[in-house]
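Undergrad: Any chance you could fold what I've pasted below:
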Amino acid sequence: MLSDVQELKGKKILVVGLGKTGVSLCHFLAQHQADVTVTDHKSRPELANQLEAMGSVQVNYELGGHSPKTFLKQDLIVLSPGISTYLKIFEYAKAQGIKVVGELEFASWFIKEPICAVTGTNGKTTTVNLISRMITESGFKAWSGGATGTPLTEYLRQGIKADVLVVEASSYMLETCENFAPSTIVFTNLAENHLDRYRTMEDYVNAKRRIFKNVNLATTSVLNADDNAVVELARDPIVQRGKIFYYSRKALLEPQIMNIGGCVSMSREIVIRTGADKERVSYAAMKLKGKHNVENIMAAILGAREHGATLEAIQKVINEMAQLPHRIEYVRKVGGVFFYDDSMCSNVHALSRALDLFDENVILIAGGKDTQLSFEGLRSLVRRKVKTLLLYGEAKERINRDLGDFSETYLIGTFEEAVLIAYQKSRIDDFVLLSPGCPATDLFDSEEERGDYFKQMIKKFK
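TA: The predicted structure follows:
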């Protein structure tokens, strides 16, 4: 482990993956005079945008494939989050004594400011945004980034100095963490996900569990008391080393949670105890949709309070923060039909939460990259709420096997056709919902690109 950027000078460092994170890593390493090589399986034409972002930075390129010899010549290998740590070449490198780390672990070596790290299967981005805004509104400087935002390395590269960093930490980012030690950990929920990357659900859970690796007496963990899998993680003696706050939507848990510290939602207000006294904020005026966002708000309150957020600032953010793009985002009404973009929904758990918001008359567009997840648990919701199910992409056959008998179902050739047929099938007071339940990367570069394309199509409807 390095601890000072000056130690990077002259080090042979391989960056694997030239996406947004890889570009940031290359700039940062070159800035500190490391001997940098970047490798990606994509060709130069496929990486045209990334290469433009690289500018004139001095690095060695190995594109269109990976050479084992290159991996074995390095002092350090740093992975972008999308690169699987299960590749054989990394085992060979480690056997030769070469350290292999992810960008989150690497960047954390050089960050001295406190980190509030948010993980979980769903709700991470919204919770990160809430925490960051609550802290900023309280007069402190918060920097936010991570899995779906700005790479952590960019904080270092730009020489920013914040009072606290609020970091979204995915399982991919946590896989190689050894020394990463956030002062506050927020764990939103835990459900089956990414089984295309992980051999078993246990492997996925173990990746998430690494966020607790360096818990100490000064660490605060904020945990969802309504999620049995998260509560089970909290039984680990390592987690118990630090302070724990729980939050819950179950009013019956109020006495227990107030005794140990945390948040409980009661009717239209949230009761909080992080110190000697109880405090209250209202969520009657919240703009965020869904019960799950009440959970996200409670998680954010506890995370933000640990970093100086005031009650007044917290209330202001609850009242003012709008739905984030591509997260059950209302697009427009056309001919009496309501269109919603939930493109960031990339797993079954998120799709369940989206369907919870609607009573009936949903025309659901689902599909995308097949991550080996089972959709069987959605059968009751689909039967009650979905009048038409339109399936596209790599995962359409799998979803059809699990859900096709519980709604009028069509397997569609392209994403564009799915959107057009959804409009054709719709009637007044129907809800056309893009909530794919799968990642976008079979057909798009990102969930954001998928959502933007959906909205562009909807805006042309008359």
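
Undergrad: okay, CA-based contacts and neighbour counts for the rest of this
TA: Will do.

Undergrad: What are the buried residues along stretch 328-345?
TA: Buried residues in stretch 328-345, defined by neighbour count with 16 or more other CA atoms under 10 Å: 328-331, 333, 338-345.

Undergrad: List the contacts of stretch 283-295.
TA: Outside stretch 283-295, the residues that touch it by CA atoms under 8 Å, 6 or more residues apart in numbering are 123, 188, 224, 247-249, 265, 268-270, 318-323, 328, 353, 356-357.

Undergrad: coming back round to it: taking the buried residues of stretch 328-345 one by one, which sit in strands?
TA: Among these, the ones falling in strands (DSSP state E) are 329, 330, 331, 333, 338, 339, 340, 341.

Undergrad: What's opposite the fifth one in the beta bridge?
TA: Think residue 338. Per DSSP bridges, the residues bridged to residue 338 are residue 333, residue 431.

Undergrad: Next up, the contacts around it.
TA: Counting by CA under 8 Å, 6+ apart, the residues that residue 338 touches are 330, 331, 332, 429, 430, 431, 432.

Undergrad: Just the pLDDT at the second one, thanks.
TA: Among the per-residue scores, residue 331 shows a pLDDT of 98.

Undergrad: I'd say it and residue 343 touch.
TA: No. Contact criterion CA atoms under 8 Å: residue 331 and residue 343 do not qualify, at 11.9 Å.

Undergrad: Need the distance between the two termini of stretch 358-367.
TA: End-to-end distance for stretch 358-367, by CA to CA, to the nearest Å: 19 Å.

Undergrad: same question, stretch 265-284
TA: Start and end residues of stretch 265-284 are separated by 11 Å (CA to CA).

Undergrad: residue contacts, residue 314?
TA: Residues near residue 314 by CA under 8 Å, 6+ apart: 134, 137, 281, 301.

Undergrad: Can you classify it as helix, strand or coil?
TA: In three-state terms, and counting by DSSP: H, G, I helix; E, B strand; the rest coil, residue 314 is helix.

Undergrad: Buried members of the contacts of stretch 283-295 into ChimeraX, please.
TA: Filtering the contacts of stretch 283-295 down to the buried ones (16+ other CA under 10 Å) takes a single ChimeraX command:
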select :123,188,224,247,248,249,265,270,318,319,323,328,353
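
Undergrad: Filter the contacts of stretch 283-295 down to just the ones in strands.
TA: Those of these lying in strands (DSSP E): 224, 247, 248, 265, 269, 270.

Undergrad: you'd agree residue 119 is up against residue 186?
TA: Yes. Applying CA under 8 Å, one finds residue 119 in contact with residue 186, separated by 6.2 Å.

Undergrad: And the two? Which one has more around it.
TA: residue 186 (29 against 26; other CA atoms under 10 Å).

Undergrad: Quick check, pLDDT for residue 447.
TA: For residue 447, pLDDT reads 97.

Undergrad: what about it, how many neighbours?
TA: With other CA under 10 Å as criterion, residue 447 counts 23.

Undergrad: do the one 10 residues further on as well
TA: Using other CA under 10 Å, residue 457 is surrounded by 13 other residues.

Undergrad: Tell me who's in contact with it.
TA: Contact analysis of residue 457 by CA under 8 Å, 6+ apart lists residue 419.

Undergrad: okay, it: pLDDT?
TA: pLDDT, residue 457: 98.

Undergrad: Now it: which helix or strand?
TA: Applying DSSP states H and E as the criterion places residue 457 in helix 447-459.

Undergrad: Return the distance of that helix from the chain's centre.
TA: Distance of helix 447-459 from the chain centroid (CA atoms, centre = their mean, to the nearest Å) equals 20 Å.

Undergrad: Which parts of the protein belong to which domain?
TA: For the chain, automatic domain parsing gives the domain ranges 10-97, 106-320, 329-459.

Undergrad: nearest to residue 2, of those domains?
TA: domain 106-320 (6.4 Å; CA to CA).

Undergrad: For that closest one, the averaged confidence score.
TA: Per-residue scores along domain 106-320 average to 97.

Undergrad: rewinding a little: the inter-axis angle of the helix holding residue 457 versus strand 337-341?
TA: 160 degrees (axes from the mean of the first three to the mean of the last three CA atoms, to 10 degrees).

Undergrad: about what we covered before: make TSV out of the domains of the chain and add distance to residue 4.
TA: TSV is the format used below for these (distance: least, CA to CA, whole Å):
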stretch	distance to residue 4
domain 10-97	10
domain 106-320	6
domain 329-459	34
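
Undergrad: hang on, the earlier thing: identify the farthest-apart pair in the contacts of residue 314.
TA: 137 and 281 (15.6 Å).

Undergrad: picking that back up, buried residues in the helix holding residue 457?
TA: In helix 447-459, counting by 16+ other CA under 10 Å, buried: 447, 448, 449, 450, 451, 452, 454, 455, 458.

Undergrad: With stretch 245-256 instead?
TA: Within stretch 245-256, the residues that count as buried by 16+ other CA under 10 Å are 245, 246, 247, 248, 249, 253, 254.

Undergrad: And for stretch 419-427?
TA: Buried residues in stretch 419-427, counted by 16+ other CA under 10 Å: 419, 421, 422, 423, 426, 427.

Undergrad: What of stretch 3-21?
TA: 5, 8, 11-21.

Undergrad: thought residue 152 was touching residue 105?
TA: No. Using CA under 8 Å, residue 152 and residue 105 do not qualify as a contacting pair, with a distance of 9.7 Å.

Undergrad: related to what we said a few turns ago, let me have the buried residues of stretch 419-427 in CSV, extended by distance to residue 193 and pLDDT.
TA: Below are the buried residues of stretch 419-427 laid out as CSV (distance: CA to CA, whole Å; pLDDT from 0 to 100):
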residue, distance to residue 193, pLDDT
419, 26, 98
421, 29, 98
422, 27, 98
423, 30, 97
426, 31, 97
427, 34, 97
